[in-house]
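# Sharing a model that was predicted from the sequence below.
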Amino acid sequence: MIEIIKADITDLHVDAIVNAANSSLLGGGGVDGAIHAAAGPALLEACRLLGGCSEGNVKMTAAFNLPAKMILHTVGPRWQGGQAGEKKILTSCYEKCLQMGLAEGATTIAFPAISTGVYGYPKRQAAEIALQVISRYQHRYKSIFCCCYSDSDVWIYKKVMESLGLS
Ligand code: ADP
């Protein structure tokens, strides 16, 4: 099932939450900062051992003080106008997280709107990619949450769900 919710992803009791990290994996602003602040300093220590992560890839850590069981850290593309492979990279982020979640036994997973904050990916186009990939995996999970941080993001996801015939 695909569920569009408005929430702080750090509050979610799911098997896996996805972090929109940067390639250093050493913390940042936005959702990354919120996850590090809520998970506690042990998360940074765990991330230091991972040696960074390239765009479109994913690395996993425990979730420490968070209610989730694991964190899948993925690095989305920075929007550069759309001709720099951004779509392929963002698709890969969602796919690799969903694949890793399955490999780790997750049945519930929550995604933030990867790349749509500081990285500037147009929100509707990003939601289309997110939902297209997620829809291909929806039957392999109990719930896949699109965790929006604002009412306007919820509205965008719901519109895209309708336009893709998913609602
Ligand atoms: P990026 O660098 O990939 O663009 P950001 O963290 O700047 O990442 O933004 C990604 C999305 O995460 C944005 O839609 C932002 O509103 C949202 N966001 C920020 N904080 C949280 C949070 N605590 N829970 C869920 N989503 C969040």
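That came through fine.
# So what touches the longest helix along the chain?
Secondary structure assigned by DSSP state H gives helix 86-103 as the longest helix of the chain. With CB atoms under 8 Å, 6 or more residues apart in numbering as the test, helix 86-103 has contacts from 15-16, 18, 55-58, 60, 72, 74-80, 109, 111, 114-115, 121, 125-126, 129-130, 132-134, 137, 140-141, 144. For glycine as for every other residue, the C-beta is placed from the backbone atoms N, C-alpha and C.
# Recalculate using a threshold of 7 Å.
Applying CB atoms under 7 Å, 6 or more residues apart in numbering, the contact partners of helix 86-103 are 16, 18, 55-58, 60, 72, 74, 76-77, 79-80, 109, 114-115, 121, 126, 129-130, 133-134, 137, 140.
# List only those of the residues you listed flagged as buried.
When the contacts of helix 86-103 are checked for burial by 16 or more other CB atoms under 10 Å, the buried set is 16, 18, 55-58, 60, 72, 74, 76-77, 79, 109, 114-115, 121, 126, 129-130, 133-134, 137.
# Of the residues you listed, which are in range of the ligand?
Near the ligand, judged by CB under 6 Å from any ligand atom, the entries from the buried ones among the contacts of helix 86-103 are 76, 114-115.
# Helices of the protein, residue ranges please.
If DSSP H is used as the criterion, the helices of the chain fall at 30-39, 41-48, 86-103, 123-137, 151-163.
# which strands and helices sit next to the shortest one?
Helices and strands touching helix 41-48, as assessed by 3 or more CB pairs under 7 Å, 6 or more residues apart in numbering; DSSP states H and E, comprise strand 58-62.
# again, only using 8 Å
With contacts taken as 3 or more CB pairs under 8 Å, 6 or more residues apart in numbering; DSSP states H and E, helix 41-48 sits against helix 30-39, strand 58-62.
# Can I get it in PDB? Just the C-alpha atoms.
Extracted as PDB, the C-alpha positions of helix 41-48 are listed here (Å, rounded to 0.1, in the frame of the first residue of the first chain):
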ATOM      1  CA  PRO A  41      25.700  11.200  18.000                       C
ATOM      2  CA  ALA A  42      26.100   7.500  17.600                       C
ATOM      3  CA  LEU A  43      24.600   7.900  14.100                       C
ATOM      4  CA  LEU A  44      27.500  10.200  13.000                       C
ATOM      5  CA  GLU A  45      30.000   7.600  14.300                       C
ATOM      6  CA  ALA A  46      28.300   4.900  12.300                       C
ATOM      7  CA  CYS A  47      28.200   7.100   9.200                       C
ATOM      8  CA  ARG A  48      32.000   7.900   9.500                       C
END
